[in-house]
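1. Build the 3D model from these lines:
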Amino acid sequence: MPALDIVIPVHNEFVEVVQRTVSALNNAFERWDNVTVIVVNDGSDPKFGVDALRDEKAILYVHHETNLGYGTALKA
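-> Numbering: from 1, shown residues only. Now for the predicted structure:
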């Protein structure tokens, strides 16, 4: 089966919302091989706690220091 990358651009979303989204995607694609969930923190304010996802094994985490926009986050 071909690889599938799912990109989730995040800007000022609470970490719990992002975690639920990632969990739902992982459950939906649990029988697939080669699925990568990519979370792009597009300059979120630290109060939202998105940086806590940095060490999550189930995702690839990308961090932008400043908001670069939706299009750039999708291309990350």
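2. what comes up buried for the longest helix along the chain?
-> Looking across the chain with DSSP state H, the single longest helix is helix 15-28. Residues of helix 15-28 classed as buried under the neighbour-count rule (16 or more other CB atoms under 10 Å) are 15, 18, 19, 21, 22, 25. (C-beta placed from N, C-alpha, C; glycine too.)
3. Can you check what pLDDT the model gives the nearest residue to the first one once chain neighbours are set aside?
-> In this case it means residue 15. Using CB to CB, 6 or more residues apart in numbering and skipping the chain neighbours, the partner closest in space to residue 15 is residue 49 (3.9 Å). Note for residue 49: predicted pLDDT of 96.
4. And for residue 64?
-> 95.
5. what pairs with it across the strands?
-> Under DSSP bridges, the beta-bridge partners of residue 64 are residue 42.
6. what about it, how many residues close to it?
-> Residue 64 is flanked by 18 other residues according to other CB atoms under 10 Å.
7. wait, what's in contact with it?
-> 40, 41, 42, 43, 72, 73, 76 (CB atoms under 8 Å, 6 or more residues apart in numbering).
8. could you list every residue that touches the fifth one?
-> It stands for residue 72. 42, 64.
9. Kindly report the same for the second one.
-> Contacts for residue 41 were tallied using CB under 8 Å, 6+ apart; they are 10, 11, 50, 51, 53, 61, 62, 63, 64.
10. mind running it again at 10 Å?
-> 8-13, 15, 18, 48, 50-51, 53-54, 61-65, 67, 73, 76 (CB atoms under 10 Å, 6 or more residues apart in numbering).
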